[in-house]
Structures are given as C-alpha cells and as structure tokens.
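Undergrad: Just need the structure, nothing else, for what follows:
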Amino acid sequence: MMKTKVLAVAAVMMVFVSVVSATAVKQHRRLQQNPFPLDWEGFSESLLDELSDNYDFGDLLGVPTTNGYDSVFNEFVLALGAILGAGAQRAYDGPVAAASPLG
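TA: Prediction:
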C-alpha cells in the first residue's frame with residue numbers, strides 16, 4: 001500500500017517536471033524568435049482583471065441589468081479579452097518577430 005502511494009507521488013512529480021520543462025522550452029523558443037519579447041497575453045489579462053475589479057463592463061457599455069446578465073457579460077468580456085490577447089501574442093511572436101530588424 002505504501003509502495004503504491006510512493007509510486008503515485010512519483011508519477012505526479014514526473015508529470016509536473018515534464019510540464020515545467022515543456023513550458024521552459026516554449027519560453028526559450030519564444031525568446032529566440034523575438035529579440036524584444038513582450039507579454040501581450042499577460043498584459044491583456046492583467047488589464048482586464050484590474051478593470052473588472054474596479055468597473056462593471058455592463059454599466060460601461062450600457063447593457064441593461066434588469067435580467068441579471070451583467071455578471072455573464074463581464075465574464076464574456078474577460079473571455080473575449082483573453083482570446084484577443086492570445087491572438088496579439090501569437091501575431092507578435094510570429095510575423096512581427098520574423099520581420100524584426102533586430103533578429
């Protein structure tokens with residue numbers, strides 16, 4: 001019984017180490033592709049998180065709150081921002097990095 005618990009913990013640790021190493025390889029590849037890396041995805045996520053903490057997107061954009069959909073609309077704006085941030089990051093790391101005169 002103790003041996004299976006140790007094996008399970010070892011398996012979880014192996015998965016964790018492989019995920020961390022894959023992330024490090026991806027980050028290293030990104031830095032090699034673009035000599036001036038910017039984290040557009042993280043920026044958009046942080047900006048929208050801060051804005052959603054301080055403001056209600058439904059009120060800002062005039063969405064009526066009578067139906068109780070204002071929290072759903074806020075989550076939709078956060079999801080849309082994450083998608084746009086990922087797209088901006090992919091564009092910046094791809095074509096923009098290839099056209100950079102620094103690389």
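Undergrad: What values do phi and psi take at residue 37?
TA: Backbone geometry at residue 37, expressed as degrees, to the nearest 10, gives phi -70, psi 140.
Undergrad: cool, the one 5 residues further on as well?
TA: Dihedral angles phi and psi of residue 42 (degrees, to the nearest 10) take the values phi -70, psi -40.
Undergrad: SS state for residue 90?
TA: Assigned with DSSP: H, G, I helix; E, B strand; the rest coil, residue 90 falls in the helix class.
Undergrad: And this protein, what are its domain boundaries?
TA: For the chain, automatic domain parsing gives the domain ranges 1-33, 38-103.
Undergrad: Identify, out of the ones you listed, the most deeply packed stretch.
TA: Ranked by mean neighbour count, those are led by domain 38-103 with a mean of 13 (mean count of other CB atoms under 10 Å). Backbone N, C-alpha and C define where each C-beta goes, glycine included.
Undergrad: what ranges of the protein fall below the confidence cut-off?
TA: 16-17, 19-20, 24, 27-35, 65-66, 97-98, 100-103 (pLDDT under 70).
Undergrad: At which residues are the strands of it located?
TA: Taking DSSP state E, the chain contains no strands at all.
Undergrad: And residue 55, its phi and psi?
TA: Backbone torsions of residue 55, given as degrees, to the nearest 10, read phi -130, psi 160.
Undergrad: gap between it and residue 77?
TA: Plainly put, residue 55 is 10 Å away from residue 77 if you go by CB to CB, to the nearest Å.
Undergrad: cool, residue 3 as well?
TA: Going from residue 3 to residue 77 by CB to CB gives 50 Å.
Undergrad: Also residue 14?
TA: Applying CB to CB to residue 14 and residue 77 gives a distance of 39 Å.
Undergrad: What residue, apart from its backbone neighbours, is nearest residue 48 spatially?
TA: Counting by CB to CB, 6 or more residues apart in numbering, residue 81 is the residue found nearest to residue 48 once chain neighbours are left out, at 4.1 Å.
Undergrad: dump the residue contacts of that neighbour.
TA: Under the criterion of CB atoms under 8 Å, 6 or more residues apart in numbering, the neighbours of residue 81 are 44, 45, 47, 48.
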